[in-house]
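In: Need the 3D shape of this:
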Amino acid sequence: MALSATELAVVAGAAMTGAVLWLNAVLGRAMRRWRARWRSIKWRRGERRAEKLLAAGGYRITGRQVSHRFSLAAGGEIFEASLRADFLARRGRRRFVAEAKTGTKMSTLGCAATRRQVLEYLIAYEVDAVLLVDVDAGRITEVSLPAAVRGRPSAGLAVTMAATLLGLFAGAAATWLLLGG
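Out: Numbers count the residues shown, from 1 in each chain. Below you'll find the model as predicted:
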């Protein structure tokens with residue numbers, strides 16, 4: 001039984017469609033692997049450059065790819081989450097999370113994803129600030145929350161409290177001396 005020309009064209013078309021779909025799947029997988037490998041190479045290079053920038057800026061690296069777990073309460077239930085910071089660093093007594101960024105968009109607070117990441121780091125890690133390391137521009141930007149927002153007393157409040165306590169002690173000492181202490 002011979003196939004008609006129309007039937008032969010349909011079979012050939014189906015075979016070609018199947019071959020194209022198979023080739024597309026194979027090439028798609030290969031391209032995804034290649035892109036992932038390239039991003040990994042670029043990421044490692046960026047991190048090495050960021051580490052050199054931090055050292056040149058006077059920061060001492062105390063940890064690399066540091067994971068941190070934290071909890072959030074929602075609706076009476078506890079949600080466990082984890083973060084991974086590129087670096088933990090110190091300069092003097094100050095502690096930092098340092099995040100290496102490549103590309104002009106991602107390395108600024110103009111990028112919503114970067115802002116959210118910085119806020120997460122500031123809340124979850126016990127640090128003074130987050131360092132955004134713009135690898136391409138060779139720049140380190142320190143990002144922190146104002147003391148009032150962070151729940152820490154501001155410097156002005158600390159000075160006022162210290163002066164008040166000093167005044168109380170001085171007043172108590174003077175009263176004690178006047179009363180024949």
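
In: Pull the residues that contact stretch 46-61.
Out: 64, 86-91, 96, 98, 100-102, 131, 133, 135, 138-140 (CB atoms under 8 Å, 6 or more residues apart in numbering). For the C-beta atoms, the positions are set from N, CA and C on the backbone; glycine is no exception.

In: ok, now with 6 Å
Out: Phe87, Ala89, Arg90, Arg91, Ala98, Ala100, Thr102, Val133, Val135, Ile140 (CB atoms under 6 Å, 6 or more residues apart in numbering).

In: which residues does the fourth one bridge with?
Out: Beta bridges link Arg91 to Arg94 when assigned by DSSP bridges.

In: same question, the fifth one
Out: Ala98 forms beta bridges with Phe87, Leu131, as assigned by DSSP bridges.

In: ok so, going back, turn the contacts of stretch 46-61 into JSON lines, columns for distance to Gly28.
Out: Below are the contacts of stretch 46-61 laid out as JSON lines (distance: CB to CB, whole Å):
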{"residue": "Phe87", "distance to Gly28": "35"}
{"residue": "Ala89", "distance to Gly28": "40"}
{"residue": "Arg90", "distance to Gly28": "45"}
{"residue": "Arg91", "distance to Gly28": "46"}
{"residue": "Ala98", "distance to Gly28": "36"}
{"residue": "Ala100", "distance to Gly28": "29"}
{"residue": "Thr102", "distance to Gly28": "25"}
{"residue": "Val133", "distance to Gly28": "34"}
{"residue": "Val135", "distance to Gly28": "30"}
{"residue": "Ile140", "distance to Gly28": "39"}
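
In: Of all pairs in those residues, which one spans the longest distance?
Out: Arg90 and Thr102 (24.0 Å; CB to CB).

In: More neighbours: those two, which one.
Out: A side-by-side neighbour count of Arg90 and Thr102, using other CB atoms under 10 Å, places Thr102 first with 19 against 16.

In: Select the longest helix from this structure.
Out: helix 5-56 (DSSP state H).

In: that older thread, save the contacts of stretch 46-61 as a markdown table, and put in pLDDT and distance to Trp22 too.
Out: Formatted as a markdown table, the contacts of stretch 46-61 follow (pLDDT from 0 to 100; distance: CB to CB, whole Å):
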| residue | pLDDT | distance to Trp22 |
| --- | --- | --- |
| Phe87 | 95 | 44 |
| Ala89 | 96 | 50 |
| Arg90 | 96 | 55 |
| Arg91 | 96 | 56 |
| Ala98 | 94 | 46 |
| Ala100 | 90 | 40 |
| Thr102 | 81 | 36 |
| Val133 | 92 | 44 |
| Val135 | 90 | 40 |
| Ile140 | 93 | 49 |
